[in-house]
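> only geometry, no sequence info:
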């Protein structure tokens with residue numbers, strides 16, 4: 001990006017300072033704020049785009065309602081026109097965040113029937129909560145105001161299957177398997193389909209990991225955030241809440 005881009009010229013006054021009603025984390029944002037708001041404007045003053053007053057429970061229901069429309073072939077394809085594009089160009093206020101698998105068959109905005117500016121999405125093979133993913137989701141909830149985080153795993157996940165089989169993999173693929181291994185171990189003695197059990201157990205492990213974040217846990221305690229797991233059926237398109 002060019003050094004002359006207007007959004008990069010952010011003064012010290014653009015640092016986010018949480019006062020009354022804040023979570024008490026003492027977090028300050030500077031450079032990262034420049035791609036969210038205009039110069040000289042704090043994130044706390046950012047105008048809401050949509051669903052600003054939605055509760056965590058309502059946010060979760062909005063996701064499930066959208067998925068229900070997708071499953072029943074009754075998608076509304078909301079917020080996907082030019083006027084919405086222009087609206088969210090001024091600032092974002094996603095009502096929900098998704099930690100999903102990078103699998104090409106599980107695109108968040110489509111399976112939840114949402115549009116521009118609705119979802120804050122992090123996708124990674126095995127839907128694992130790495131430090132980078134956690135930091136991103138902390139930003140999405142604390143700064144952007146997302147009310148629910150859903151960890152979306154799916155049926156027949158290749159990363160989980162490779163972990164079960166103890167596959168020897170090249171490059172850095174093994175770093176994914178190491179994180180998934182805990183869920184696989186937890187599911188070993190469960191009755192039923194081994195792969196399905198491991199996929200669901202992995203989702204729950206990642207939910208636990210997110211809840212261990214001090215930033216996210218404080219938001220949960222304050223009633224401003226909900227973190228849940230979701231299991232996506234590749235054959236039907238349905239997301240089932242787990243955990």
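Cool, the structure landed. Being a predicted model, the structure only gives us computed values, none of them experimental.
> what's across from residue 97 in the sheet?
Beta bridges link residue 97 to residue 120, residue 149, judged by DSSP bridges.
> Contacts only, for it.
119-122, 137, 140-141, 146, 148-150 (Cβ atoms under 8 Å, 6 or more residues apart in numbering). Any C-beta I mention is one placed from the backbone N, CA and C, and that applies to glycine too.
> ok, now with 6 Å
120, 137, 140, 146, 149 (Cβ atoms under 6 Å, 6 or more residues apart in numbering).
> mind giving me the domain ranges of this protein?
1-46, 48-242 (automatic domain parsing).
> Let's have the ones you listed in JSON lines, adding mean pLDDT.
Shown next, in JSON lines, are these (pLDDT from 0 to 100):
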{"stretch": "domain 1-46", "mean pLDDT": "38"}
{"stretch": "domain 48-242", "mean pLDDT": "96"}
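> which of those is buried the deepest?
Ranked by mean neighbour count, the domains of the chain are led by domain 48-242 with a mean of 18 (mean count of other Cβ atoms under 10 Å).
> helices and strands around the helix of greatest length in the chain, which ones?
For the chain, the helix that runs over the most residues, judged by DSSP state H, is helix 194-211. Counting contacts by 3 or more Cβ pairs under 6 Å, 6 or more residues apart in numbering; DSSP states H and E, helix 194-211 packs against strand 148-154, helix 158-165, helix 173-186, strand 226-232.
> closest to residue 239 out of those?
Closest approach to residue 239 among the helices and strands packed on helix 194-211 is made by strand 226-232 (4.6 Å; Cβ to Cβ).
> From the contact counts, what lies against that closest one?
Against strand 226-232 (3+ Cβ pairs under 6 Å, 6+ apart) you get strand 148-154, helix 194-211, strand 239-242.
> partners of that strand, with directions?
With DSSP bridges as the test, strand 226-232 pairs up with strand 148-154 (parallel), strand 239-242 (antiparallel).
> Work out which residue lies at the spatial centre of this protein.
residue 98 (2.5 Å; Cα atoms, centre = their mean).
> That one and residue 108: what is the separation?
Distance of residue 98 to residue 108, computed by Cβ to Cβ, to the nearest Å: 5 Å.
> Could you do residue 153 as well?
13 Å.
> same thing with residue 197?
24 Å.
> Kindly report the same for residue 136.
According to Cβ to Cβ, residue 136 stands 14 Å off from residue 108.
> for the contacts of residue 97, which one is nearest residue 192?
Distances from residue 192 to the contacts of residue 97, taken by Cβ to Cβ, are shortest for residue 149, at 26.9 Å.
> Can you get me the start-to-end distance on stretch 206-223?
One end of stretch 206-223 sits 20 Å from the other (Cα to Cα, to the nearest Å).
> Now find how far off-centre it is within its chain.
Computed by Cα atoms, centre = their mean, to the nearest Å, the chain-centroid distance of stretch 206-223 equals 13 Å.
> Any chance you could list what contacts that stretch?
Identification of contacts with stretch 206-223 by Cβ under 6 Å, 6+ apart yields 23, 25, 128-129, 134, 138, 141-142, 151, 225, 227, 229, 243.
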